[in-house]
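>>> generate a structure from the sequence data that follows.
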Amino acid sequence: MKQPVFPILILLLGLISQGLAQGTAFTYQGQLLNAGQPATGSFDLRAVLYDAEIGGAQVGPIVTNADVIVVNGAFTTMFDFGANAFPGAARWLELAVRLSADGTFTLLSPRQALTPTPYALYALTPAGPKGDQGDPGPIGATGPQGSKGDKGDPGIAGPVGPQGLKGDKGNPGVAGATGPQGPAGPAGSADAWSRVGNADTDPDVNFAGTTDASAFVLRANNQPVLRLEGSPSGVRIIGGWNNSVSAATTNSAILSGRDSAIAAGAHESVISGGVDNQIGPDQRSAFIGGGARNEIRQDSQHAVIAGGRDNRIGTNTVISSVVGGGGNIIADNVDGGIMVGGFRNDILGSDNPNRREIAPILVGGSDNEIGLESSWAMILGGDNNRIGTNCPSAVIAGGTNNLVANNCGFSFAAGRRSRVNHRGAFIWADSQNASFASAGEDTFNVRAEGGLHLNTDTSQFFGSSVRQMLNLYSVTYGIGVQSSTLYQRTDGSFSWFHGGSHVDSANNPGTGGVEMMRLNSGGLRVNGTFVSASDRSLKENFTAVNPRDILAKVAAMPLSEWNYRADPAARHLGPMAQDFRAAFNLGTDDKTIATVDADGVALAAIQGLNDKLKEQSSALEERDARVARLEDELAELRAQFHEAFKTTRPIRP
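Prediction:
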């Protein structure tokens with residue numbers, strides 16, 4: 001070596017955190033003297049760890065730090081002997097030094113006993129009781145100053161040195177040779193937890209926390225961020241800022257957020273975060289997930305507000321939930337109510353705890369309301385919809401400004417401005433801005449200005465009971481079924497059109513249309529051929545008639561010209577039905593004359609007239625024959641007379 005190097009004293013001042021990547025390394029600060037004077041320059045340091053002050057076994061690897069800078073004798077360096085170098089047993093450090101990359105190492109003597117700081121990395125047992133606050137160690141002989149003890153750790157005696165520094169609050173200072181030692185933990189262990197994890201711990205013995213009634217508080221930037229409170233009956237967890245959990249509440253927690261509170265008796269309840277959220281007293285397992293100014297009031301067991309703002313679950317409202325949204329309220333005495341999002345929605349409760357609302361559901365939308373005594377009712381979105389009082393199992397399926405009136409349970413409304421005014425009514429209204437009301441109990445009501453459209457292969461069925469099945473324009477017009485009879489009903493006339501289009505005036509086929517038939521109180525008018533069934537196989541109870549009698553009755557029947565009141569423009573000629581009925585006793589009543597009867601009477605009268613004409617013709621023929629015979633006889637007489645009285649003058653006939 002260029003210069004002799006004399007022994008130096010290396011003093012461990014303390015562990016300096018280097019981050020998790022260097023968790024097993026610790027820092028040395030020391031003084032190097034060269035020929036009795038503080039050294040300056042670049043030196044190599046070699047360190048070996050032993051388990052005894054003299055002799056003993058080497059622990060871990062040999063560590064060589066090159067080019068350690070020394071200024072006026074002072075230096076700082078890091079040594080790392082690995083994760084298993086400090087199990088809790090005593091350790092000594094042997095050092096050697098040389099000028100950087102020049103010559104051989106000079107061994108320094110004696111070995112240095114390591115102070116407790118490195119062992120804090122590997123504490124295996126809980127810390128011992130606190131040492132006295134800030135006690136200084138007594139004066140040592142000539143050694144350098146001892147290092148600070150960690151909070152809650154007892155100092156371990158170092159080499160003889162000057163007076164130790166004050167320890168941190170609650171820690172004894174590191175003592176000199178004869179200084180008192182703070183109370184220790186269990187034999188063979190240090191009183192601290194490792195920053196990089198611990199092994200071989202027993203959770204019944206090794207733990208971080210308190211053993212008396214004091215709370216355990218975690219701080220960051222010297223601000224409390226988590227408070228843990230325990231009692232024989234349960235625990236409380238309080239995180240965040242300015243949050244509180246009543247001491248009369250067990251197993252409840254506020255995990256984060258601020259200005260939130262859990263009241264007395266709200267056991268097993270949780271507020272996850274948010275601002276100014278409140279869980280009231282005397283309930284079990286209530287939950288607020290976050291948001292702002294949400295509240296679960298007293299005695300609402302197992303209630304949940306998932307988030308949102310200004311939402312509320314009332315008193316004695318159990319197993320109910322508000323899932324987000326704002327300004328939503330499930331009121332008092334509701335069991336199993338559900339509110340999913342939306343704004344300013346209400347499920348009204350009861351003022352009587354013995355008359356409870358059961359399982360109403362309101363999903364989204366805004367300004368919707370389910371009234372009192374309307375269990376199992378549901379509103380599915382939309383806005384300004386309302387289900388009234390005593391409407392169990394009523395449903396509004398969205399839309400806007402729909403109403404189920406009071407006492408109209410088991411009903412359904414949707415669309416725009418539907419009005420359910422009857423129990424069991426179904427009503428759907430289209431987009432028109434006008435109210436559309438139900439027609440009666442248990443009715444199906446639809447307003448669809450664009451028409452009702454069914455799939456092209458859809459069939460319609462109206463059941464198998466006799467009734468008027470299709471009602472048109474109230475019940476005055478319609479189609480129905482009687483026993484073995486299909487009927488159509490009208491208060492005017494029936495018309496059959498070909499082509500054209502709808503117009504409101506009566507019997508008008510519209511532009512391009514033709515009226516094919518019309519049936520009214522005056523009868524049936526056909527534009528074309530009219531036929532009646534007359535097959536012999538369709539008839540029975542045959543009775544012969546006397547055409548002469550029919551003819552006589554026809555001859556005696558009054559006839560007149562007239563018009564129907566329903567059709568004043570058309571003139572007609574014929575008998576009255578009353579006279580026809582009185583004369584022939586045909587048809588179903590004395591108000592109508594069936595065309596088949598009128599035709600039959602006419603044909604019988606023709607036959608009677610024909611018979612009469614035939615009789616008259618026969619009489620005429622007999623007369624003509626007699627006249628002819630008389631003429632022949634007269635001619636013969638003339639001839640005879642002529643012969644008998646022939647004179648010169650001819651006899652004139």
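
>>> okay, CA-based contacts and neighbour counts for the rest of this
OK.

>>> below-threshold pLDDT in the stretch 51-200 of the chain: ranges please.
Along the stretch 51-200 of the chain, segments meeting pLDDT under 70 span 115-191.

>>> SS state for V627?
helix (DSSP: H, G, I helix; E, B strand; the rest coil).

>>> now swap in S537 and tell me
Following three-state DSSP, S537 is assigned to helix.

>>> how about stretch 241-260, which residues are buried there?
By neighbour count on 16 or more other C-alpha atoms under 10 Å, the buried set for stretch 241-260 is 241, 243-246, 249-260.

>>> cool, and stretch 222-235?
Under the neighbour-count criterion of 16+ other C-alpha under 10 Å, stretch 222-235 has V225, L226, R227, L228, E229, G230, V235 buried.

>>> and the strands in the stretch 401-550 of the chain?
403-404, 412-415, 418-420, 426-429, 436-437, 444-447, 467-472, 477-482, 485-489, 494-498, 514-520, 523-526 (DSSP state E, counting those that start in this stretch).

>>> CSV for these, including distance to L551 and mean pLDDT?
Shown next, in CSV, are the strands of the stretch 401-550 of the chain (distance: least, C-alpha to C-alpha, whole Å; pLDDT from 0 to 100):
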stretch, distance to L551, mean pLDDT
strand 403-404, 72, 98
strand 412-415, 69, 98
strand 418-420, 67, 98
strand 426-429, 65, 98
strand 436-437, 63, 97
strand 444-447, 60, 96
strand 467-472, 45, 93
strand 477-482, 40, 96
strand 485-489, 37, 95
strand 494-498, 35, 94
strand 514-520, 30, 90
strand 523-526, 25, 82
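
>>> nearest to I387, of those?
Minimum separation from I387 across the strands of the stretch 401-550 of the chain (C-alpha to C-alpha) falls at strand 403-404, 4.8 Å.

>>> and the closest one, what does it pack onto?
Applying 3 or more C-alpha pairs under 8 Å, 6 or more residues apart in numbering; DSSP states H and E, one finds that strand 403-404 contacts strand 386-387, strand 412-415, strand 418-420.

>>> quickly list the domain ranges of this structure.
Listed by automatic domain parsing, the domain ranges of the chain are 9-114, 216-447, 467-526, 545-653.

>>> for these, which one ends up most surrounded?
Stretch with highest mean neighbour count among the domains of the chain: domain 216-447 (a mean of 22; mean count of other C-alpha atoms under 10 Å).

>>> looking at the buried residues of stretch 222-235, which are in strands?
Among the buried residues of stretch 222-235, the members found in strands (DSSP state E) are V225, L226, R227, L228, E229, G230, V235.

>>> can I get these in TSV including distance to G265?
As requested, those are exported to TSV (distance: C-alpha to C-alpha, whole Å):
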residue	distance to G265
V225	24
L226	21
R227	19
L228	18
E229	16
G230	15
V235	13
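
>>> centre of the chain versus stretch 353-364, how much separation?
The chain centroid and the centroid of stretch 353-364 are separated by 16 Å, computed with C-alpha atoms, centre = their mean, to the nearest Å.

>>> average pLDDT for that stretch?
Mean pLDDT, stretch 353-364: 91.

>>> can you check stretch 314-322 too?
Per-residue pLDDT over stretch 314-322 has a mean of 96.

>>> ditto for stretch 598-607
For stretch 598-607, mean pLDDT is 93.

>>> tell me which residues touch the residue nearest the centre of the chain, please.
Note on the chain: the residue nearest the mean C-alpha position is V363, at 5.3 Å, using C-alpha atoms, centre = their mean. Neighbouring residues of V363 by C-alpha atoms under 8 Å, 6 or more residues apart in numbering: I338, M339, V340, G341, G342, M378, I379, L380, G381.

>>> quick one, helices of this protein?
With DSSP state H applied, the chain shows helices at 547-556, 577-584, 595-644, listed in chain order.

>>> of these, which is nearest P38?
Among these, the nearest to P38 by C-alpha to C-alpha is helix 595-644 (146.9 Å).

>>> for the closest one, name the packing helices and strands.
So helix 595-644, by 3+ C-alpha pairs under 8 Å, 6+ apart, packs with helix 547-556.

>>> just want the angle from the helix it packs on to helix 595-644.
110 degrees (axes from the mean of the first three to the mean of the last three C-alpha atoms, to 10 degrees).

>>> mind exporting helix 547-556 as CSV, just the C-alpha atoms?
Listed next in CSV are the C-alpha coordinates belonging to helix 547-556 (Å, rounded to 0.1, in the frame of the first residue of the first chain):
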residue,chain,number,x,y,z
PRO,A,547,-156.4,-20.5,-56.7
ARG,A,548,-160.0,-19.1,-57.1
ASP,A,549,-160.0,-18.4,-53.4
ILE,A,550,-156.6,-16.7,-53.6
LEU,A,551,-157.8,-14.7,-56.6
ALA,A,552,-160.8,-13.6,-54.7
LYS,A,553,-158.8,-12.5,-51.7
VAL,A,554,-156.3,-10.7,-54.0
ALA,A,555,-159.2,-9.0,-55.8
ALA,A,556,-160.6,-7.9,-52.4
